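*Asks:* My questions are about this predicted structure, shown below with the sequence.
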Amino acid sequence: MGSKEAFRRIIFCVLLLLCVSCKCLTSEVNATQLAVLKVDASPQHARKIPETLFGIFFEEINHAGAGGIWAELVSNRGFEAGGPNTPSSIDPWSIIGNESVISVATDRSSCFSRNIIALRMEVLCGDCQAGGVGIYNPGFWGMNIEDGKNYSLVMYAKSLENTELTVSLTSSDGLQNLSSATIQVAGTSNWTKLEQKLVAKGTNRTSRLQITTNKKGVIWLDQISLMPSDTYKGHGFRKELVSMLLDLKPQFMRFPGGCFVEGHWLRNAFRWRESVGPWEERPGHFGDVPIGIISALHFLDYSLIIFSFEYNIYKLSEDLGAAPIWVFNNGFSHNEEINTTAIAPFDILDSLEFTRGSTNSTWGSLRVAMGHPEPFPVKYVTIGNEDCTKKFYHGNYLKFHSAIREAYPDIQIISNCDGSSKPLDHPADIYDFHVYGDSNTLFSMRNKFDSTPRNGPKAFVSEYAVSSNGVGRGTLLASLAEAAFLTGLEKNSDVVQMASYAPLFMNDNDRSWNPAAIVFNSWKQYGSPSYWMQTIFRESSGAVLHPVTINSMYSNSLAASAITWKTSSSSFLRVKIVNIGSNPVNLIVSTTGLEALVNMRKSTVTILTSKNLSDENSLSNPTNVRVVPVTRELPNAGEEMFAFLGPYSFTSFDLALGQQKHIS
């Protein structure tokens, strides 16, 4: 270090300490802490962070898919939710009219062999009420119908006599008609596929789909779908929710579970083969896993899952630039397990052939028929979910591991067993690690991987979140503790390969697992503080990590990390620091080893904080959220700089790096 630079630093620190001392003398009540954050930005001490470090985890929970990111507006569109016994409940379908003029019940007359349930509707009136009688579907807590937009209706019908149906989009009480069309049904004993475009003439956020008639007789209905035309890239996903995912810049997408792949009982475990084929043929899935004190029981019609879900999730992964991570069942539910001697890994091998198989393979040809001749780049699979302690897990795991390794030697295989404290007793490329708890737990876990062996499989922290003790619906406090935890994952990214928050999505009408990163209803959405916290880590994947040290008697309430990252035209040193304490902090940031000058004009600071630790965001005002990062200029940016950290805050300094230094 040159004498001028050393002298400048001494003067800087002396002036700062004098400033702090004066402040303390004039305000004894509000004693401000002092901390020095040292960043070593020298190349010899830098380390590359894995490209895959931060991603997302999609699980069909909280109506994340059906009634969520998947844009299908009809709930229980195949009438299968009541189960295979007939007659059964058709909820949420209801009748228009009364039982003296219309009778509806399910029977087993469908033309679809794997979805045998259909609705038999008998109209008893010859001169029906104005507007006719029939059925309506409110969707998932109301359909969002918007003025001028197009909606595609597909349905199957059968009537022995010529009849006429009116399909309408109306308000929830049926009084406001947003769009209507008349459909002719030819008299025949065969089922007929009917398609109709509906253009909305008005907006109603809690609309319903009506199917009515004025003609006496019997008509059967099945597989009724209503999709908006303006989905993301035409892939069937809600644009606004995909946009929020894009803002996270996820490097991977884990799916479809979680507990979802297990089921509470094996009869409701996820089965891949049952979820492929045309959407009308997919039998659906009963989600029977109790979540917390609220049951997550609901029927999924597989409109999203696999043929749409796996295919479209893989397509979505491509659009997001995220590597797909397929989690599959290997013989376990929450209450049952299959003996190793009785299990075979055919389902997973078929699903992998679907994604990676040649165009003339059995399942690869199905992918081709769906319009994707090129294989999907599946590089990771997870064998089971939280099953390590179960009796047959190791045996089942080894059987699946051997089959996958033989067929696809390049695929990285993820074990359910924790290898953070001791070596695994079975082969694995990566191990799964889940952590939930209160804010103290997550904050203390920032050092979890400091002592992990450096020569074993790497960790996939596939589920983390503050989920208890005053978490509410997602608070500022939760996001601060999680941010501290993530700085620890960055620091230990030599042994941590990937990490994802859970759960990702929540329909505000189904808070089975609380909180979530993104909350929505049929037409609005917002990011929780935990979502916005993650946006500040979105440039970390593939960045360069630099060592940091914190010198302060209050360092047990602080957590920090530093990276350098690049855009197409600029480079930045990002210094992140969490203050989870109740007192403000006067901070000195001292950086050594930079090979480029700091450009003050392009440097910024981003702060995530609020007035109260318990502050949350909400749907009532999603565009003016309470807890959201605020970015402003950083006029004092430099290798040595003073900053003020407010209490309960997460601060990110982005120092723009300019021209290279001239070394004399």
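*Replies:* In hand now; what should we look at?

*Asks:* going forward, measure contacts and count neighbours with C-alpha atoms only.
*Replies:* Fine.

*Asks:* Assign a three-state SS to the closest residue to Met445 other than its chain neighbours, would you?
*Replies:* Leaving aside its chain neighbours, Met445 sits nearest to Phe485 (5.9 Å; criterion: C-alpha to C-alpha, 6 or more residues apart in numbering). When classified by DSSP: H, G, I helix; E, B strand; the rest coil, Phe485 comes out as helix.

*Asks:* I'd like to know how far Phe485 sits from Phe537.
*Replies:* Distance, Phe485 to Phe537, using C-alpha to C-alpha, to the nearest Å: 12 Å.

*Asks:* what about those two, which has more around it?
*Replies:* The neighbour comparison of Phe485 against Phe537 (other C-alpha atoms under 10 Å) goes to Phe485, with 25 against 20.

*Asks:* Pretty sure the more buried one sits against Phe443.
*Replies:* Yes - with contacts counted by C-alpha atoms under 8 Å, Phe485 reaches Phe443, the gap being 5.7 Å.

*Asks:* Quick check: neighbours shared by these two?
*Replies:* When C-alpha atoms under 8 Å, 6 or more residues apart in numbering defines a contact, no residue borders Phe485 and Phe443 alike.

*Asks:* where exactly do the strands run in the stretch 1-150 of the chain?
*Replies:* 33-40, 47-48, 54-57, 94-96, 102-107, 118-123, 133-137, 143-145, 150-158 (DSSP state E, counting those that start in this stretch).

*Asks:* The shortest one pairs with which strands?
*Replies:* Using DSSP bridges, the strands paired with strand 47-48 are strand 544-546 (antiparallel).

*Asks:* Spatially central residue for this protein, please.
*Replies:* Closest residue to the average C-alpha location of the chain: Leu504 at 3.1 Å, with C-alpha atoms, centre = their mean.

*Asks:* got the contact list for the residue lying closest to that residue once chain neighbours are set aside?
*Replies:* Nearest non-adjacent residue to Leu504, counting by C-alpha to C-alpha, 6+ apart: Ala517, 5.1 Å away. By C-alpha under 8 Å, 6+ apart, the contact set of Ala517 is 501-506, 527-531.

*Asks:* so where's the chain uncertain?
*Replies:* 1-32, 268-312, 622-624, 662-664 (pLDDT under 70).

*Asks:* Helices of that one, residue ranges please.
*Replies:* Listed in chain order, the helices of the chain (DSSP state H) span 3-26, 239-248, 309-320, 346-356, 362-369, 393-407, 439-444, 476-491, 529-535.

*Asks:* Compile these into CSV and extend it with columns for distance to Arg632.
*Replies:* What follows is these, written out as CSV (distance: least, C-alpha to C-alpha, whole Å):
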stretch, distance to Arg632
helix 3-26, 23
helix 239-248, 19
helix 309-320, 28
helix 346-356, 45
helix 362-369, 48
helix 393-407, 50
helix 439-444, 27
helix 476-491, 20
helix 529-535, 16
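
*Asks:* winner for burial among these?
*Replies:* Mean neighbour count (mean count of other C-alpha atoms under 10 Å) peaks for helix 476-491 among those, with a mean of 28.

*Asks:* Alpha carbons of that one, in PDB - could you do that?
*Replies:* C-alpha atoms of helix 476-491 as PDB (Å, rounded to 0.1, in the frame of the first residue of the first chain):
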ATOM      1  CA  LEU A 476     -40.000  -8.200   6.900                       C
ATOM      2  CA  LEU A 477     -38.400 -10.100   9.800                       C
ATOM      3  CA  ALA A 478     -38.700 -13.400   7.900                       C
ATOM      4  CA  SER A 479     -37.100 -12.000   4.800                       C
ATOM      5  CA  LEU A 480     -34.200 -10.600   6.800                       C
ATOM      6  CA  ALA A 481     -33.400 -13.900   8.500                       C
ATOM      7  CA  GLU A 482     -33.600 -15.700   5.100                       C
ATOM      8  CA  ALA A 483     -31.300 -13.100   3.500                       C
ATOM      9  CA  ALA A 484     -28.700 -13.800   6.200                       C
ATOM     10  CA  PHE A 485     -29.100 -17.500   5.600                       C
ATOM     11  CA  LEU A 486     -28.400 -16.900   1.900                       C
ATOM     12  CA  THR A 487     -25.300 -14.900   2.500                       C
ATOM     13  CA  GLY A 488     -24.000 -18.000   4.300                       C
ATOM     14  CA  LEU A 489     -24.900 -20.200   1.300                       C
ATOM     15  CA  GLU A 490     -23.000 -17.800  -0.900                       C
ATOM     16  CA  LYS A 491     -20.000 -18.000   1.400                       C
END
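
*Asks:* Which elements pack onto it?
*Replies:* When contacts are defined as 3 or more C-alpha pairs under 8 Å, 6 or more residues apart in numbering; DSSP states H and E, helix 476-491 sits against helix 439-444, strand 458-466, helix 529-535, strand 558-566, strand 571-579, strand 649-660.

*Asks:* okay if I get those as a markdown table plus distance to Ser415?
*Replies:* Below are the helices and strands packed on helix 476-491 laid out as a markdown table (distance: least, C-alpha to C-alpha, whole Å):
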| stretch | distance to Ser415 |
| --- | --- |
| helix 439-444 | 23 |
| strand 458-466 | 9 |
| helix 529-535 | 26 |
| strand 558-566 | 29 |
| strand 571-579 | 32 |
| strand 649-660 | 33 |
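
*Asks:* Tell me which of these lies nearest to Arg238.
*Replies:* Each of these has some distance to Arg238 by C-alpha to C-alpha; the shortest is helix 529-535, at 17.9 Å.

*Asks:* The closest one - contacts with which helices or strands?
*Replies:* Counting by 3+ C-alpha pairs under 8 Å, 6+ apart, helix 529-535 packs on helix 239-248, helix 476-491.

*Asks:* go with 10 Å
*Replies:* Applying 3 or more C-alpha pairs under 10 Å, 6 or more residues apart in numbering; DSSP states H and E, we find helix 529-535 packed against helix 239-248, helix 476-491, strand 496-501, strand 518-520, strand 596-609.

*Asks:* hang on, the earlier thing: which of the contacts of Ala517 sits closest to Gly65?
*Replies:* Lowest distance from Gly65 to those (C-alpha to C-alpha) belongs to Phe505, with 8.4 Å.

*Asks:* Please report the distance of the closest one from Lys399.
*Replies:* Distance, Phe505 to Lys399, by C-alpha to C-alpha: 33 Å.

*Asks:* just the strands in the stretch 251-400 of the chain please.
*Replies:* Using DSSP E, counting those that start in this stretch, the strands of the stretch 251-400 of the chain run over 252-255, 285-287, 290-291, 294-295, 298-300, 323-328, 380-383.

*Asks:* Can you pull the domain assignment for the chain?
*Replies:* As given by the TED database, the domain ranges for the chain are 35-47+544-660, 55-70+232-541, 94-228.

*Asks:* Among those domains, show me which one is buried the most.
*Replies:* Mean neighbour count (mean count of other C-alpha under 10 Å) peaks for domain 55-70+232-541 among the domains of the chain, with a mean of 20.

*Asks:* Endpoint to endpoint, it covers what distance?
*Replies:* End-to-end distance of domain 55-70+232-541 (C-alpha to C-alpha): 9 Å.

*Asks:* Equivalent analysis for stretch 136-146, please.
*Replies:* Criterion C-alpha to C-alpha; first-to-last residue distance in stretch 136-146 is 19 Å.

*Asks:* what do you get for stretch 464-484?
*Replies:* Start-to-end, stretch 464-484 (C-alpha to C-alpha) is 12 Å.

*Asks:* Check the offset of that stretch from the chain's centre.
*Replies:* Its chain's C-alpha centre and that of stretch 464-484 lie 17 Å apart, by C-alpha atoms, centre = their mean, to the nearest Å.

*Asks:* just stretch 571-587 next, same as before
*Replies:* Offset of stretch 571-587 from its chain centre (C-alpha atoms, centre = their mean): 28 Å.

*Asks:* Return the distance of Thr592 relative to Ala35.
*Replies:* Counting by C-alpha to C-alpha - Thr592 and Ala35 are separated by 17 Å.
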